[in-house]
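**Student:** Starting from these lines, generate the structure:
(one chain, ligands or ions: 1)
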Amino acid sequence: MSPLKSKGSHPRPPAGSFGRALRFSLLSAMSVFAAQWVLGAPDMSGAWSIDVSKPWGVTLHTLLELRPEGGSLGGRVFPNGAVAIPIRGAHMEGPDLVFRIDWGWTFHVRPEGANLRVVVGYDGGGKDEALARPVADAALGAAAALPVPEVRDLPDNGLARTPPMGWNSWNHFAESVDDRIVRETADAMVSSGMAAAGYAYVNIDDTWEGGRDAQGNIVPNRKFPDMRALADYVHAKGLRLGIYSSPGPVTCGGYEGSHGHEEQDAKTYAGWGVDYLKYDWCSAGLVYPGAQLRPVYQKMGEAIGRCGRPIVFSLCEYGIADVWKWGPAVGGNLWRTTGDIQDSWKSMSGIGFNQGRLAPYASPGHWNDPDMLEVGNGGMSATEYRTHFSLWCMLAAPLMAGNDLRSMSPETREILTNREVISVDQDALGRQGARLFAKDGVEAWAKPLVGRGVAVGLFNRNAAETTASFSWTQIGRSSTPASVRDLWRHRAIAAADDGFAAAVPAHGVVLLLVK
Ligand code: GLA
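**Tutor:** Numbering: from 1, shown residues only. Take a look at the predicted model:
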């Protein structure tokens, strides 16, 4: 009955904040506006099914429960019909009942005959519209926690001895990623010189999933007609293929997760030729009690350890529960330390300059991941992108380009392929840089490099140019260094006796190699 309309949305649920925010929201009071629904709104209480059909043959199935609750509006939303998220802040806006769930989704709902007209807006942009039909209350239910393995230390898988380098679809393409884009990105990675500069992984993020076949095998949706063939294509270019899933029943984008199919999914990925798995907590936070992050990740770590193919294991749980302390023990090669990055100076600098305390947890094979790069996506200036790239390299962060490699400007390519800067990131010592000092908006960071001195980044976080300096003693030198090289200008600098001083542009950086 329902003419479902998809508007080609790009849901970018802020899953980074999702798990944590949810814990608070469970306890939070309903909005004071909610009472207006009871007073003035039509009665929409009951259980409803919202089916959003995507052009690539996937129907995102969401159940909605609306009910009066203590003179206010209560209820829950069940993405994928599998996990329950409480409704918050319900109020009337004209004829619409409006509410939000802590998944970055905002609902506008109004009666339409025996149905509801529902518009779901996504925080990161885009929206879907559908008719919701009434269903029996019995349809509402949430997935149960599954047994988890006894906690133990898994062996090091020997991968990612230096921070992984590659590309990930999410920051630029979100839901629009498809087979063609991935192939063309692989082509561009080679033709642009990025592959030669060290980038290897071509990673498909969320929205590739098409559900499960009769045997429970995960299948891609129509955007990805043949994963094996795609992996072959990427491998033939000398590159590697990455994929994405969640330990929960539903991914952050509302697609099928690996819940209860961990072993089977790991085998499927290996059969396709997948080399990298990003495993995103998302709905697992609603299924497993908080303390179970480690065994839940261990479960997939064990599964990919047994799948017969080396697969880099990327944990994405936004830094919950001090993941850097147990990430290596579950087989993790890298772990996100923060919520999702946005393509802005505020977001990037807020994340990047906040990573110093995690330096002790990085080592070859085990990396803190402050999220993927935004270089070239348009929200920052070239100066700011140079700061972004320099900072990530100083942090020994994974370098996952997040832009459209097929159409990048020479300036973006020049930033992403600056080999002198990349060599700071990829240094074999595997030490993460740490802050030397922060004063008046200027920060100096130092990263020790194997047998060849130290990289020093002099960052200006101010909105105006400033002269910044540091002394050789501040980087542990008792005498003038033998050589100082500017890694963005690609030239040697004559070292002054006492230290270094330079004008640093607003939001800019001077990155030095000091020997
Ligand atoms: C979360 C992750 C993002 C991305 C999206 C996909 O928000 O943190 O990096 O993978 O999910 O839905």
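**Student:** Surely Gln264 touches Asn217?
**Tutor:** Yes. Contact criterion C-beta atoms under 8 Å: Gln264 and Asn217 qualify, at 6.4 Å. C-beta coordinates here come from the backbone N, C-alpha and C atoms, glycine included.
**Student:** other SSEs contacting the longest strand along the chain?
**Tutor:** In the chain, taking DSSP state E as the definition, the longest strand is strand 59-69. Packing contacts for strand 59-69, counted by 3 or more C-beta pairs under 8 Å, 6 or more residues apart in numbering; DSSP states H and E, involve strand 46-53, strand 72-79, strand 105-112, strand 115-122, strand 127-135.
**Student:** and Ala468, which of the ones you listed is closest to it?
**Tutor:** strand 115-122 (40.4 Å; C-beta to C-beta).
**Student:** Partner strands of the closest one and their direction?
**Tutor:** With DSSP bridges as the test, strand 115-122 is paired with strand 105-112 (antiparallel), strand 127-135 (antiparallel).
**Student:** Using CSV, lay out those strands together with mean pLDDT and mean neighbour count.
**Tutor:** Output for these, formatted as CSV (pLDDT from 0 to 100; neighbours: other C-beta atoms under 10 Å):
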stretch, mean pLDDT, mean neighbour count
strand 105-112, 95, 18
strand 127-135, 96, 19
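**Student:** got the angle between the longest strand of the chain and strand 105-112?
**Tutor:** Orientation of strand 59-69 against strand 105-112 (axes from the mean of the first three to the mean of the last three C-alpha atoms, to 10 degrees) gives an angle of 80 degrees.
**Student:** Spit out the contact partners of the residue lying closest to Tyr255 once chain neighbours are set aside.
**Tutor:** The shortest distance from Tyr255 to any non-neighbouring residue, by C-beta to C-beta, 6 or more residues apart in numbering, is to Glu209 (4.1 Å). Glu209 makes contact with Val58, Ile218, Val219, Pro220, Asn221, Ser245, Thr251, Tyr255, Glu256, according to C-beta atoms under 8 Å, 6 or more residues apart in numbering.
**Student:** Give me the buried stretch members for stretch 502-512, please.
**Tutor:** Val504, Pro505, Ala506, His507, Gly508, Val509, Val510, Leu511, Leu512 (16 or more other C-beta atoms under 10 Å).
**Student:** Also stretch 218-230?
**Tutor:** Buried residues in stretch 218-230 (16+ other C-beta under 10 Å): Ile218, Pro220, Asn221, Lys223, Phe224, Met227, Leu230.
**Student:** For the protein, name the helix or strand with the lowest mean pLDDT.
**Tutor:** strand 5-6 (a mean of 27; mean pLDDT, DSSP states H and E).
**Student:** low-scoring pLDDT stretches of the protein, where are they?
**Tutor:** 1-41, 71 (pLDDT under 70).
**Student:** quick one, helices of it?
**Tutor:** Along the chain, the segments classed as helices by DSSP state H run 15-25, 34-40, 170-173, 179-191, 227-236, 262-272, 284-287, 293-305, 323-326, 345-352, 382-394, 410-416, 419-425.
**Student:** which secondary structure elements does the fourth one contact?
**Tutor:** Applying 3+ C-beta pairs under 8 Å, 6+ apart, one finds that helix 179-191 contacts strand 165-168, strand 201-203, helix 227-236.
**Student:** could you say what helices and strands the longest one packs with?
**Tutor:** Helix 227-236 sits against helix 179-191, strand 240-245, helix 262-272, with contacts defined as 3+ C-beta pairs under 8 Å, 6+ apart.
**Student:** what number of residues lie near whatever residue of the stretch 401-515 of the chain ends up closest to the ligand?
**Tutor:** Per C-beta to the nearest ligand atom, Gly402 is where the stretch 401-515 of the chain lies closest to the ligand, at 9.2 Å. A count of nearby residues for Gly402, using other C-beta atoms under 10 Å, gives 22.
**Student:** dump the residue contacts of it.
**Tutor:** Trp167, Asn168, Trp170, Asn171, His172, Met372, Leu373, Glu374, Val375, Asn377.
**Student:** Next, give phi and psi for the closest residue to the fourth one other than its chain neighbours.
**Tutor:** What that stands for is Asn171. Among residues not flanking Asn171 along the chain, Gly402 sits closest, at 3.0 Å (C-beta to C-beta, 6+ apart). Gly402 has phi and psi values of phi -120, psi 20 when expressed as degrees, to the nearest 10.
**Student:** measure Gly402 to Asp226 for me?
**Tutor:** According to C-beta to C-beta, to the nearest Å, Gly402 and Asp226 sit 25 Å apart.
**Student:** one step back: look at Gln264 and Asn217 and report which has more neighbours.
**Tutor:** Gln264 (17 against 14).
**Student:** Present the buried residues of stretch 502-512 as TSV; the columns should include distance to Ala139.
**Tutor:** Below are the buried residues of stretch 502-512 laid out as TSV (distance: C-beta to C-beta, whole Å):
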residue	distance to Ala139
Val504	60
Pro505	58
Ala506	56
His507	52
Gly508	56
Val509	55
Val510	60
Leu511	57
Leu512	62
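**Student:** So which of those is the closest to Trp103?
**Tutor:** Nearest to Trp103 among the buried residues of stretch 502-512: His507, at 32.1 Å, using C-beta to C-beta.
**Student:** ok so, going back, restrict the buried residues of stretch 218-230 to those near the ligand?
**Tutor:** Here nothing survives when the buried residues of stretch 218-230 are matched to the ligand using C-beta under 6 Å from any ligand atom.
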